[in-house]
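J.: this is the structure alone, sequence omitted:
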């Protein structure tokens, strides 16, 4: 299982936004592209993937690859799935998530709680320019990657990650967009550190 | 210089399409994501990149990283740049391109002519599942990658590529979307085969 947590610092926490302007909706376009990168193969979907989008430190929209039925690659349709989840946000009560669409869940939650909960299910990999080159690191079996939208992590988020991370890894000399980072991480895992395929 | 040729088999050849439905416009969303992957770094643009989008084997929209001024990461705004180029298609006469926006050109052209012309400027890398693993291949200085949209290459296109390619490379065990392939190719080149950084 591969899991990705993506923080949308400015992301909407209500369904009151237009699909015609996803960048204007707190850069929801960034999160939509992350969902695309996490799940899509050519003519196939990665079933062993979960994505947790933290929206404004208030809600978490969770995508489960094994259950997804209506995911398309374009940003707008993914934005519509997220908006549909936000429409159902009042149905999420306490620790109980709502499930407005196959494989799409929404629950209350913030960054710290999400990282703590998901990290228990695998190996938390911190992506950091000072980390070990990804090819020198044995790919973990159940990695959890944590990424930020167009903003850097806040100091509190970065501190939490540094504290909780099992490994610190660099994927290359350039800082990349979150969705591109997910693609590179998948490729690294697919190729087992580019050794065994 | 890194160059990417992307074939849009069903892509529009007129400006008569809606930005609200890029998938319905011959899967223009695929090409928009390829442009994103080719150019964007976090808070930066790759200046040493050219992208050639072959639209319906009739027009080629060329993006030049060193000149681009109005590129944003979201699909819709890139779709608007392509539509703007198509609006100017009548200004492209013979071998003369039109230049409707900084760094965006449109000219008449088809797949074969584009591959022939661009291949002369670098090393044509064929991406193929039976190719050599990318890490075993010394990254060329001026690579030219050729990718297809949501369709496979036609037999004629595949034959031309196999015939003209200088190298045949595999980027991993899974077939990926074209935009994800561009991201992996960049990472491979950025890290010089993951050896020297």
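T.: Looks like it came in fine. Not measured: the values here are computed from a predicted model. Residues are numbered from 1 along each chain as shown, chains lettered A, B, ... in the order given.

J.: partners of the lowest-mean-pLDDT helix or strand in chain A, with directions?
T.: Sorting the helices and strands of chain A by mean pLDDT, DSSP states H and E puts strand A:123-133 at the bottom, at a mean of 86. Using DSSP bridges, the strands paired with strand A:123-133 are strand A:143-148 (parallel), strand A:167-170 (parallel).

J.: how about that strand: buried residues?
T.: A:123-128, A:131, A:133 (16 or more other C-beta atoms under 10 Å in any protein chain shown). C-betas here are computed from N, CA, C, even on glycine.

J.: can you pick out the most distant pair from those residues?
T.: A:124 and A:133 (18.5 Å; C-beta to C-beta).

J.: just to revisit the earlier point, least reliable of the strands paired with strand A:123-133 by average pLDDT, please.
T.: Comparing mean pLDDT across these, the lowest value falls on strand A:167-170: a mean of 89.

J.: any idea which helix or strand comes after that one?
T.: Toward the C-terminus, strand A:167-170 is succeeded by helix A:178-190 as the next helix or strand (DSSP states H and E).

J.: avg pLDDT for that next one?
T.: Mean predicted lDDT for helix A:178-190 stands at 95.

J.: what about it, near chain B?
T.: Yes - judged by C-beta under 8 Å from any C-beta of the partner chain, helix A:178-190 comes into contact with chain B through A:180, A:183-184, A:186-187, A:190.

J.: what is the orientation angle of that helix with strand A:123-133?
T.: 90 degrees (axes from the mean of the first three to the mean of the last three C-alpha atoms, to 10 degrees).

J.: point out where chain A drops to low pLDDT.
T.: A:193-197 (pLDDT under 70).

J.: how about 80 then?
T.: A:129, A:135-137, A:192-197 (pLDDT under 80).

J.: report the buried residues of stretch A:94-105.
T.: Quick answer for stretch A:94-105 (16+ other C-beta under 10 Å): A:97-101, A:103-105.

J.: show me which of these is closest to chain B.
T.: Nearest to chain B, judged by C-beta to the nearest C-beta, of the buried residues of stretch A:94-105 is residue A:101 at 18.2 Å.

J.: so what's that closest one up against?
T.: Contact partners of residue A:101, counting by C-beta atoms under 8 Å, 6 or more residues apart in numbering or on different chains, are A:69-70, A:81, A:84-85.

J.: before we move on, what about residue A:102?
T.: A:67-70.

J.: wouldn't residue A:19 be in contact with residue A:76 here?
T.: Yes - contact criterion C-beta atoms under 8 Å: residue A:19 and residue A:76 qualify, at 5.3 Å.

J.: any shared contact partners between the two?
T.: Residues touching both residue A:19 and residue A:76 by C-beta under 8 Å, 6+ apart: residue B:20.

J.: and the two? which has more neighbours close in?
T.: residue A:76 (21 against 17; other C-beta atoms under 10 Å in any protein chain shown).

J.: am I right that the more buried one is in a helix?
T.: Yes - Residue A:76: assigned to a helix according to DSSP: H, G, I helix; E, B strand; the rest coil.

J.: distance of it from residue A:182?
T.: 19 Å (C-beta to C-beta, to the nearest Å).

J.: check residue A:65 too.
T.: 13 Å.

J.: joint contacts of the two?
T.: Shared contacts of residue A:65 and residue A:182, counting by C-beta under 8 Å, 6+ apart, come down to residue A:38.

J.: and these two? Which one has more around it.
T.: Each of residue A:65 and residue A:182 has its neighbours counted (other C-beta under 10 Å); residue A:182 has more, 27 against 18.

J.: quick check: that one touching residue A:34?
T.: Yes - applying C-beta under 8 Å, one finds residue A:182 in contact with residue A:34, separated by 5.9 Å.

J.: can you pull the residues that touch both of these two?
T.: With C-beta under 8 Å, 6+ apart, residue A:182 and residue A:34 have common neighbours A:4, A:147.

J.: nearest to residue A:160, of the strands paired with strand A:123-133?
T.: Closest among the strands paired with strand A:123-133, using C-beta to C-beta: strand A:143-148, at 9.1 Å.

J.: so how far is residue A:125 from the closest residue to residue A:169 other than its chain neighbours?
T.: Once flanking residues are discounted, residue A:169 sits nearest to residue A:131: 4.3 Å by C-beta to C-beta, 6 or more residues apart in numbering or on different chains. Distance, residue A:131 to residue A:125, using C-beta to C-beta: 9 Å.

J.: quick check: neighbours shared by those two?
T.: A:167-169.

J.: any of those buried? List them.
T.: Neighbour counting by 16+ other C-beta under 10 Å classes A:167-169 among the shared contacts of residue A:131 and residue A:125 as buried.

J.: export those residues to CSV and tack on distance to residue A:138?
T.: What follows is those, written out as CSV (distance: C-beta to C-beta, whole Å):
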residue, distance to residue A:138
A:167, 9
A:168, 14
A:169, 11
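
J.: and the closest residue to residue A:178 other than its chain neighbours, how far from residue B:138?
T.: Among residues not flanking residue A:178 along the chain, residue A:147 sits closest, at 4.1 Å (C-beta to C-beta, 6+ apart). In this view, residue A:147 and residue B:138 are 31 Å apart by C-beta to C-beta.

J.: could you do residue A:64 as well?
T.: Applying C-beta to C-beta, the value for residue A:64 to residue B:138 is 41 Å.
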